[in-house]
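In: Any chance you could fold what I've pasted below:
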Amino acid sequence: MFGTILKKKVSDEKLANVFVNGLFSSIDNGFPLVAEFINNDPVFVHSPNILDSNNYEFSIIIIVGNLSFLEKSLHSEQVDRVKSVVYSKLAKAYGMPTNDFIILLKNYKSLICRLNRPSKNMIYAMSKGIFDKYALYDYQDEYFKRMQAPNPLFLKRMDEIVENFIWDWVAFLKKYRLD
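Out: Numbering: from 1, shown residues only. Predicted coordinates:
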């Protein structure tokens with residue numbers, strides 16, 4: 001009972017700021033390691049040579065995944081309020097009108113869910129989305145290249161990496177409550 005009373009209140013605006021800044025910080029600091037991992041992964045016959053600065057596709061997929069987990073972590077009315085502020089902040093950061101940015105996110109979510117069908121595991125979907133958006137099919141051995149399917153060993157390793165980019169809603173909600 002006292003745990004709820006003792007939690008710090010946080011506004012939707014403050015939560016959105018912390019969430020967006022945290023995502024950008026983790027992506028900016030973490031993507032060079034992700035690119036290095038992909039470039040050096042043993043499943044690839046030839047290195048994809050992904051540049052440290054080529055994080056656009058990765059960042060959108062990480063955002064989509066994190067928004068999906070947000071939907072599962074908050075009450076529906078809280079989700080709507082927070083997502084509205086988050087969309088606005090992200091659209092501004094990407095230099096796009098908010099509605100266009102929302103459409104971009106929906107298209108990415110649709111793609112990664114389609115790539116991952118019938119599974120509903122968002123981490124696995126994100127890994128498959130990264131594989132697809134960086135066109136890694138042609139860097140694999142002939143068997144997987146011909147199948148146009150990601151090597152499952154790579155996906156398993158990518159899942160472990162992607163998990164590090166997911167916002168820890170459980171820990172956050174233990175300390176804070178939304179206004």
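In: residue ranges of the strands in this structure, please?
Out: Assigned strands in the chain, in chain order: 8-10, 176-178 (criterion: DSSP state E).
In: among those strands, which gets the worst mean confidence?
Out: Note on the strands of the chain: strand 176-178 shows the lowest mean pLDDT, a mean of 83.
In: what would the strands of the chain look like in JSON lines with mean neighbour count and distance to Phe44?
Out: Every C-beta, even on glycine, is put in place using the N, C-alpha and C of the backbone. As requested, the strands of the chain are exported to JSON lines (neighbours: other C-beta atoms under 10 Å; distance: least, C-beta to C-beta, whole Å):
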{"stretch": "strand 8-10", "mean neighbour count": "11", "distance to Phe44": "43"}
{"stretch": "strand 176-178", "mean neighbour count": "16", "distance to Phe44": "42"}
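In: which residue is nearest the middle of the chain?
Out: Ile62 (1.4 Å; C-alpha atoms, centre = their mean).
In: could you measure it against Asp141, distance?
Out: Distance, Ile62 to Asp141, using C-beta to C-beta, to the nearest Å: 28 Å.
In: Report how many residues lie close to Ser73.
Out: 16 (other C-beta atoms under 10 Å).
In: List the contacts of the residue nearest to the residue nearest to the centre of the chain when sequence neighbours are not counted.
Out: Nearest non-adjacent residue to Ile62, counting by C-beta to C-beta, 6 or more residues apart in numbering: Phe165, 4.8 Å away. By C-beta atoms under 8 Å, 6 or more residues apart in numbering, the contact set of Phe165 is Leu23, Ser26, Ile27, Gly30, Ile62, Gly65, Asn66.
In: go again using 7 Å as the cut-off
Out: Residues near Phe165 by C-beta atoms under 7 Å, 6 or more residues apart in numbering: Ser26, Ile27, Gly30, Ile62.
In: Identify the farthest-apart pair in the residues you listed.
Out: Greatest spatial distance among the contacts of Phe165 (C-beta to C-beta): Gly30 and Ile62, at 9.0 Å.
In: Could I get the full set of helices for this structure?
Out: For the chain, the helices defined by DSSP state H cover 2-6, 12-40, 56-73, 76-93, 98-116, 122-133, 142-147, 152-162, 169-175.
In: quick one: average confidence on the last one?
Out: In this model, helix 169-175 carries a mean pLDDT of 87.
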